[in-house]
Structures are given as structure tokens and as C-alpha cells.
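Trainee: give me a 3D structure for the following:
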Amino acid sequence: MSGRGAVRVGVGGPVGSGKTQLVEALLPLIEAAGLRTAVITNDLVTVEDAERVRRSGLIDPALVVGVETGACPHTAIREDPSMNQAAALRLEEDHGPLDLLLLESGGDNLAATFSPELVDYWIYVIDTAAGDDIPRKGGLGVLQADLLVVNKIDLAPHVGADLDRMRADVARARPARPSLFTSLRGPGGADHVFEELCRSALFQDVPQA
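Mentor: Numbers count the residues shown, from 1 in each chain. A predicted model of the protein is given here:
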């Protein structure tokens, strides 16, 4: 666990890649593992993603905070993460102790990264529907994230995406970093993500539900 309190895990990626979907898929797994978590979402001038998570019934609505960045989403997670830091501190003070904080970025480009001052570990989500050339284009998110999640593999045949090529390109782009291919719409779509999160950021061994 993080020495500063709850382990902070960032979830970033382009618009529509499945960031909020991943957060929602992780919440039941986190609860089953006996962990207390809270969620911070980032949007430009709304708190739409926060409201969606609150309405999901997967978490106490009081444990979800929406941050309106008012600028490019990467600004609030990289250049000046003070709004997110303040939201995290407030959640821990009001509802702690917490084991895990999920911080979802607003939809951003391939250059988005999280400041190490904000998160302990970060996940970057891309999807096959955006094109199978995304791994070849690189970008800091694809190259530097602690975990890359390639979502919507079920859509690959419908959008002409070559999954074999994507897997090869991802392996070349991230030879020493973990990557997972999944469909978060299906049952168990986030299981391997949670297992990797437990191994790399939370526990040495995956807790049994």
C-alpha cells in the first residue's frame, strides 16, 4: 500500500476508449476483495462521468467526486494536479481510511500522462474501434503507462481492426511493460486488469473474493 494513504491509480485514455467503463467494471472486484475505494473523475466543464458512476449503484455516491478541469484534461493530471490532489485529500479526510483511489482523467490525446505527484500507478486505455494503428503511433500514454489496456476487442471484426497486428505492435512498443487485451462489455472483462493491479500496485498476491 502507498505510504501516503490510499493507493492512487490513474485511468487515462482518449474519448470513448472505455475509461469510465473500466472504473465501473473494477468497482465490484475491489469490493469483493474487501477494499475501500473512492473515485475522482475529470471533465472539462461538467461532472457527467461522476454522475454516471454515482448512478451506477456500484459505490456509495458520497465516495465519488467530479473535478471540472476548465482546461485540457491533461493539465489537471500532469501540469497542475492540485485540484485532483485536493479532491483526494478531502475524500480521505471525510471518508477514510481508504485503500484505493481511482482517478479517471477526462478524454485526452495519446500524449496524456499522470504526474507521479498525483498517482502511484496509472492505466492507459485505448480501443480497437479507434484504429489498429494506435499502438504504432505511440504516444506517451501507450509507451509509458504502467498498464496498457486495449479495449473493445469484440468490435475488431466489425471495424476492420487486425488484432494480431495490434498485439505485435503493442509488444514492440512496450517490451518490458504489461498490456492486456479485453472487452469490458463482457463478463469478466476487467478480471485480468484487477489481477495485474493487485500484483503491481496493491498486493503481492491477488486477494481471493
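
Trainee: would you map the helices across this protein?
Mentor: Applying DSSP state H to the chain gives helices spanning 19-32, 48-55, 73-74, 82-95, 134-137, 140-144, 156-159, 163-173, 191-197.

Trainee: which residues are in contact with the second one?
Mentor: Pointing back at helix 48-55 there. Outside of helix 48-55, the residues within contact range by Cβ atoms under 8 Å, 6 or more residues apart in numbering are 19-20, 23-24, 39, 41-43, 59, 61, 64-66, 104, 106. (Glycine included, C-beta is placed from N, CA and C.)

Trainee: pLDDT-wise, which helix or strand of the protein ranks last?
Mentor: helix 73-74 (a mean of 76; mean pLDDT, DSSP states H and E).

Trainee: wait, Leu147 touches Leu180, no?
Mentor: Yes - using Cβ atoms under 8 Å, Leu147 is in contact with Leu180, at 6.9 Å.

Trainee: neighbour-wise, which of these two wins?
Mentor: Neighbour totals were compared for Leu147 and Leu180, and Leu147 leads with 22 against 18 (other Cβ atoms under 10 Å).

Trainee: could I get the buried residue list for stretch 135-153?
Mentor: 135, 139-142, 145-153 (16 or more other Cβ atoms under 10 Å).

Trainee: now distance to Leu100 and pLDDT too, for those residues, in CSV please.
Mentor: Formatted as CSV, those follow (distance: Cβ to Cβ, whole Å; pLDDT from 0 to 100):
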residue, distance to Leu100, pLDDT
Pro135, 28, 95
Gly139, 26, 91
Leu140, 24, 92
Gly141, 21, 93
Val142, 24, 95
Ala145, 18, 97
Asp146, 15, 97
Leu147, 15, 98
Leu148, 20, 98
Val149, 17, 98
Val150, 23, 98
Asn151, 21, 98
Lys152, 25, 97
Ile153, 26, 97
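
Trainee: Thr113: which of the helices of the chain is closest?
Mentor: In terms of Cβ to Cβ, the element of the helices of the chain nearest to Thr113 is helix 140-144, at 4.8 Å.

Trainee: what residues does that closest one touch?
Mentor: Under Cβ under 8 Å, 6+ apart, the answer for helix 140-144 is 12-13, 108, 110-113, 124, 126, 134-135, 148, 170, 173-174.
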